[in-house]
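Student: Any chance you could fold what I've pasted below:
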Amino acid sequence: MSEKMKIAVAMSGGVDSSVTAALLKAEGHDVIGITMRLWDGPSTAVDDAVRVAGHLGIPHHVASFESCFEEHIMRYFTEEYRSGRTPNPCARCNQLIKFGALMDMANQLDAGHLATGHYARIVRGVDGVPHLLKAANISKDQSYFLFSLKQEQLKRILFPLGEVKDKSEVRRVAADMGIAVAEKHDSQDICFIPDGDYIAFLERRGVSPVSGDFLLADGRIVGHHKGIHCYTVGQRRGMGIAWSEPLHVISMDAESGNVIVGPEPQLYRDSFFISDCNWIQSPDQLDQGVQCKIRYRHRPVSCQVTILAGERAEVRFQSPEKGVTPGQVAVFYRGDEVVGGGWIE
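Tutor: Numbers count the residues shown, from 1 in each chain. As a prediction, the model looks like this:
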């Protein structure tokens with residue numbers, strides 16, 4: 001980037017977004033920081049971001065997104081579990097908040113670009129078309145959560161950390177620049193459930209712990225559970241079932257309130273459907289061979305994708321895979337490039 005640009009940086013108060021702002025400022029760009037306030041009450045994220053912005057000498061704004069985050073993320077998270085699905089709040093937040101409401105605010109501040117501390121890469125082809133790629137640091141790669149980005153957004157987004165190969169390099173840059181959060185721990189949990197107890201969170205929000213039965217596929221009752229919101233597909237521990245072999249959660253039936261369990265082989269599926277698909281690159285090229293990830297830490301596997309009407313698609317694995325979970329995201333790659341993805345039905 002040789003030309004000077006006005007860039008809004010999403011500053012979370014962590015080391016990644018702080019270094020993102022610092023690097024862009026060092027390159028001579030007109031940088032402004034924006035921190036999202038996502039719920040009421042004191043926020044160390046806001047406090048840390050304000051401190052870093054002051055140190056860098058850049059303007060800083062706080063985006064009051066409490067009602068937006070409540071409606072699109074926290075309510076969604078609650079209702080998905082209530083309906084027996086397993087939500088993906090990070091992917092949805094990127095879609096509707098970070099690259100939705102936050103990008104709108106960047107527009108209002110006359111910033112032509114929005115930069116974040118995501119670990120992913122955007123590369124423009126010879127025709128100028130942007131391509132979303134995995135990060136150079138595969139262990140930190142976040143491209144899976146960015147499948148919903150569209151071409152017009154990618155043209156205005158910057159991921160300065162995409163080429164960084166080791167997180168220690170980011171911390172070293174922060175320390176060299178005197179950034180106070182250089183050693184701040186990375187967030188490991190869902191940001192709005194810092195203690196990790198999502199069941200207690202759901203019950204505080206009115207999800208009733210209605211008991212039901214654990215059933216085998218043939219209908220036999222093998223135990224009783226304390227509410228479908230306590231379980232997810234593939235779960236093996238914490239069910240209290242005494243059986244001749246380990247049992248896993250196969251599916252949840254929100255209507256009956258029952259949880260279907262079975263041995264591990266029953267977790268394997270050879271196909272599934274996705275909806276609300278987004279294709280960053282033309283889906284016409286899907287027959288050239290793609291790989292699929294059905295959860296963040298899933299190893300990409302070969303698959304065939306058939307486009308259907310209504311922004312839906314059918315996905316067929318080359319070999320059966322376990323743990324296809326309704327509510328999660330299926331993302332398709334061609335090599336390091338994200339082709340697109342959708343929400344698992």
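Student: going forward, measure contacts between C-alpha atoms and count neighbours the same way
Tutor: OK.
Student: In the chain, where is pLDDT below threshold?
Tutor: 1-2 (pLDDT under 70).
Student: pretty sure residue 336 is touching residue 137, no?
Tutor: No. Using Cα atoms under 8 Å as the test, residue 336 is too far from residue 137 to be in contact (11.8 Å).
Student: residues in contact with stretch 302-318?
Tutor: Stretch 302-318 is contacted from outside by 270-278, 283, 286-287, 289-292, 301, 319, 342, using Cα atoms under 8 Å, 6 or more residues apart in numbering.
Student: Buried by neighbour count, from those residues: which ones?
Tutor: 271-275, 277-278, 286, 290-292, 301, 342 (16 or more other Cα atoms under 10 Å).
Student: mind giving me CSV with those residues and columns for distance to residue 151 and secondary structure?
Tutor: What follows is the buried ones among the contacts of stretch 302-318, written out as CSV (distance: Cα to Cα, whole Å; DSSP: H, G, I helix; E, B strand; the rest coil):
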residue, distance to residue 151, secondary structure
271, 28, strand
272, 27, strand
273, 24, strand
274, 21, strand
275, 19, strand
277, 14, strand
278, 10, strand
286, 18, helix
290, 20, strand
291, 21, strand
292, 21, strand
301, 25, strand
342, 16, strand
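Student: Need the residues you listed in JSON lines (columns: distance to residue 42).
Tutor: Formatted as JSON lines, the buried ones among the contacts of stretch 302-318 follow (distance: Cα to Cα, whole Å):
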{"residue": "271", "distance to residue 42": "46"}
{"residue": "272", "distance to residue 42": "43"}
{"residue": "273", "distance to residue 42": "42"}
{"residue": "274", "distance to residue 42": "39"}
{"residue": "275", "distance to residue 42": "38"}
{"residue": "277", "distance to residue 42": "37"}
{"residue": "278", "distance to residue 42": "36"}
{"residue": "286", "distance to residue 42": "47"}
{"residue": "290", "distance to residue 42": "45"}
{"residue": "291", "distance to residue 42": "43"}
{"residue": "292", "distance to residue 42": "40"}
{"residue": "301", "distance to residue 42": "43"}
{"residue": "342", "distance to residue 42": "35"}
